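> pasting the structure only:
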């Protein structure tokens, strides 16, 4: 099997942990598998590096931040290669630019445009284990770019796609994808299998296990991804390890648990902004959203309500870190341009979602969700729906309560519910 | 003026120090000079990084060590660019590979083969201050290489040569080149000007101020180099700063101090190895030296003596860190191959040298040196001479005594001596 091993910062958190990762990789290599490893920076390192930059300037040039932050992973690939070599495994480390990972030039949040898998394939075919930095690449002008926090998941999946790997194993500090976060709902249950679509919704809705773009990539290139623990003993039998964790699949076969709702996602990083009293004319949504996008702010939920007398109220949510920026763009650019009445915002909100492929063929799921929340006196501020999920925006303080109420209402603690 | 500013690790040792460097560079920029900066890694950082690698393996792959060690400077160029930008100066950081610094593939001690100055010149002509990593480049296969400790001096001079800079300013923690190390001889005196040849001998003989290869480069490409202090206030008047320190020149003009001996150098990193009882036949020196060079060990002094009955004794010195390796190569390869009698070694030796262009036209200088040492009862183990220097190898414990005796004998404490 040709597999990608991806290890997060905690798994690479110390020299001891790096040796343990090397031991695990060596085991797969010894069993005849071809392995490409994508490790993160040692935990805390990226923060330390960006902290140095912040000490100099709170508003540093993103190009320079990438120049600096990318070094954390360059160090960890080198260390892991040395650790593998000291176990007698041939290994070579690569930075993003060294292995042809081309991105656009959106510094600190670049997107992968192409990966040249040939060098990596040549290595694995020569018995070498290549170690590739996660989370970084190079733009067309030779500037180093980073994919943004959590980008190493994406890089791992992108590498898997480029070399047509059989499976991309994401080793992390949780042992599986759960029906919801066990820290919020102790009865949360690990899933053996989950569909790509559900995982996509869970990731995008704030389940911290996998970064959304990695799931997007996995879906686009049909890369089977397995989330599993890097905290099991590295010498656990491969047969056991290879079946552990949660597999994200593309086929709904009989193995799949046919639950109506597979999981509850939540996201506390939300902030809501509203533009009140906008003239209700065609193209208005574009005129509001475009300047926000131009300021590089990602928009999540969007709701447009009918307002008073030929006007409309337009609300959307953004990442809480970009709340100030979004408010400023609305206040200074959009409001005067459109003659809107006022801009209001709230960064004490959160989003809670139910996700499940079974929702396609079942009616009344949303109603059941709203009732469960109403029973707890939780007021719903915004609602968005898709084929396999329903999300609500509620006051921050109700988050845990809402998650637990929904987990119970959809009986997610019971296998096969 | 187009100038290169090179700052060592101590000058870049903290965020405060980096801000101070930025202030100094900004001052030169504001005065209309075109400046390219080559900073080292923050002091201690390269040791920290290599320490991590050593924790995993004492005998780590040099390619991976370079992958790891090169990040220290990548961080410092990014930080300095941010610091300059926050002072309103346009600035961009570059790694070695980003600015076309090509080297051979001798990892951890690579040699620069070419530098593409066009990108840097384009920047300075657009009012941008480029910041280039010292001490690293890229080989023909795209592997990151480092030039070895102190390589950033070399890189700075090489960059100066590539862009035909008017002067390369090496900011360091000493304020000038001295007649000898003031920590050993308190009467040591700063030199305003020194010839390239003398500086080359002083650097190669262990004066720690400038790395030898940087002087070699400076000589080859006729780059005027000035050594000056980075610990003066950054807002000192440029007119004063630009004339401070020691200028290394290529012409012996009237400004030059016509001393017979300009300085005393010493080097404690020496170790002596001797192969006794080698058959005295043509080509023998090559057969001894070749395997040592193949093991990547640099040889310094070489002396061949006549031994007993058709045999010869062959001695040379190496860096103390490579003493074991050299002994092993001699014992395991050279001795059996040549049928030599025995291999002996001593790593408790040091080299002391007198250097001076005036030696060309003066006789009896060596004799005066030997007498000064004899007066102190210091036994000389090896002697080598060149046109402008004479070096002796003596027991380690006599080093300070020898330096002081020679400094006094040649009256270096007196200006114009």
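Perfect, thanks for sending it. In this text, all values refer to a predicted model and were calculated from it rather than measured experimentally.
> Next, give phi and psi for residue A:48.
When read as degrees, to the nearest 10, the backbone of residue A:48 gives phi -60, psi -50.
> Quickly note the distance from the closest residue to it other than its chain neighbours to residue B:68.
Leaving out its chain neighbours, the residue that sits closest to residue A:48 by CB to CB, 6 or more residues apart in numbering or on different chains is residue A:72, at 8.0 Å. The way it works is simple: take the backbone N, C-alpha and C, and place the C-beta from them, glycine included. In this view, residue A:72 and residue B:68 are 11 Å apart by CB to CB, to the nearest Å.
> Spit out the residues that contact these two alike.
Counting by CB atoms under 8 Å, 6 or more residues apart in numbering or on different chains, residue A:72 and residue B:68 have no common neighbour.
> got the contact list for residue A:106?
Contacts of residue A:106 (CB under 8 Å, 6+ apart): A:145, A:296.
> Show me chain A divided up by domain.
A:2-174+A:209-254, A:257-417 (automatic domain parsing).
> Can you tell me which of those domains is most buried?
Sort these by mean neighbour count, taking mean count of other CB atoms under 10 Å in any protein chain shown, and domain A:2-174+A:209-254 sits at the top with a mean of 21.
> what's the average pLDDT for it?
Here domain A:2-174+A:209-254 scores 92 as its mean pLDDT.
> follow-up on the earlier one: got the contact list for the residue nearest to residue A:48?
Neighbouring residues of residue A:72 by CB under 8 Å, 6+ apart: A:41, A:42, A:45, A:46, A:48, A:49, B:71.
> Output the residues you listed in JSON lines, with distance to residue A:323 and secondary structure appended to each entry.
Listed next are the contacts of residue A:72 as JSON lines, based on distance: CB to CB, whole Å; DSSP: H, G, I helix; E, B strand; the rest coil:
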{"residue": "A:41", "distance to residue A:323": "28", "secondary structure": "coil"}
{"residue": "A:42", "distance to residue A:323": "31", "secondary structure": "coil"}
{"residue": "A:45", "distance to residue A:323": "28", "secondary structure": "helix"}
{"residue": "A:46", "distance to residue A:323": "23", "secondary structure": "helix"}
{"residue": "A:48", "distance to residue A:323": "26", "secondary structure": "helix"}
{"residue": "A:49", "distance to residue A:323": "25", "secondary structure": "helix"}
{"residue": "B:71", "distance to residue A:323": "34", "secondary structure": "helix"}
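> Distance to residue A:380 added to the residues you listed, as CSV?
As requested, these are exported to CSV (distance: CB to CB, whole Å):
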residue, distance to residue A:380
A:41, 40
A:42, 42
A:45, 41
A:46, 37
A:48, 41
A:49, 41
B:71, 49
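> Return the residues of chain A in contact with chain B.
A:15, A:18-19, A:49, A:52-53, A:55-57, A:60-61, A:63-65, A:67-68, A:70-72, A:74-75, A:77-79, A:81-83, A:85-86, A:92-93, A:95, A:97-98, A:142-144 (CB under 8 Å from any CB of the partner chain).
> in the stretch 251-400 of chain A, which spans are strands?
Assigned by DSSP state E, counting those that start in this stretch, the strands in the stretch 251-400 of chain A fall at A:263-267, A:270-279, A:299-306, A:311-319, A:342-346, A:349-355, A:380-386, A:389-395.
> Might you report the residue contacts of residue A:84?
A:22, A:25, A:26, A:90, A:91, A:129, A:131.
> Swap in 10 Å and give it another go.
By CB atoms under 10 Å, 6 or more residues apart in numbering or on different chains, residue A:84 lies in contact with A:18-19, A:21-23, A:25-26, A:29, A:35, A:37, A:90-93, A:128-129, A:131, B:56, B:61, B:64.
> For my notes, confirm it occurs in a helix.
Yes. Checked against DSSP: H, G, I helix; E, B strand; the rest coil, residue A:84 lies within a helix.
> Now it: closest residue in space that isn't a chain neighbour?
residue A:91 (3.9 Å).
> try residue A:124
Nearest residue to residue A:124 in three dimensions, chain neighbours excluded: residue A:34, at 4.0 Å (CB to CB, 6+ apart).
> what's the answer for residue A:98, then?
Using CB to CB, 6+ apart, the closest residue to residue A:98 is residue B:142 (5.5 Å).
> Just confirm the one you found is within a helix.
No. According to three-state DSSP, residue B:142 belongs to no helix; its state is coil.
> Distance of it relative to residue A:141?
Counting by CB to CB - residue B:142 and residue A:141 are separated by 17 Å.
> Could you identify the helix or strand that succeeds the helix or strand encompassing the residue nearest to residue A:48?
Residue A:72 is part of helix A:71-85 when elements are defined by DSSP states H and E. Sequence-wise, the next helix or strand downstream of helix A:71-85 (DSSP H and E) is strand A:91-94.
> helices or strands up against that next one?
helix A:15-30, strand A:34-39, helix A:71-85, helix A:118-125, strand A:129-132, helix B:62-69 (3 or more CB pairs under 10 Å, 6 or more residues apart in numbering or on different chains; DSSP states H and E).
> What confidence value was assigned to the residue of chain A positioned farthest from its centre?
Within chain A, the residue lying farthest from the chain centre (CA atoms, centre = their mean) is residue A:309, at 41.5 Å. Looking at residue A:309, its pLDDT reads 75.
> which residues does it contact?
Applying CB under 10 Å, 6+ apart, the residues near residue A:309 are A:277, A:280.
> how near is it to chain B?
Using CB to the nearest CB, to the nearest Å, residue A:309 is found at 49 Å from chain B.
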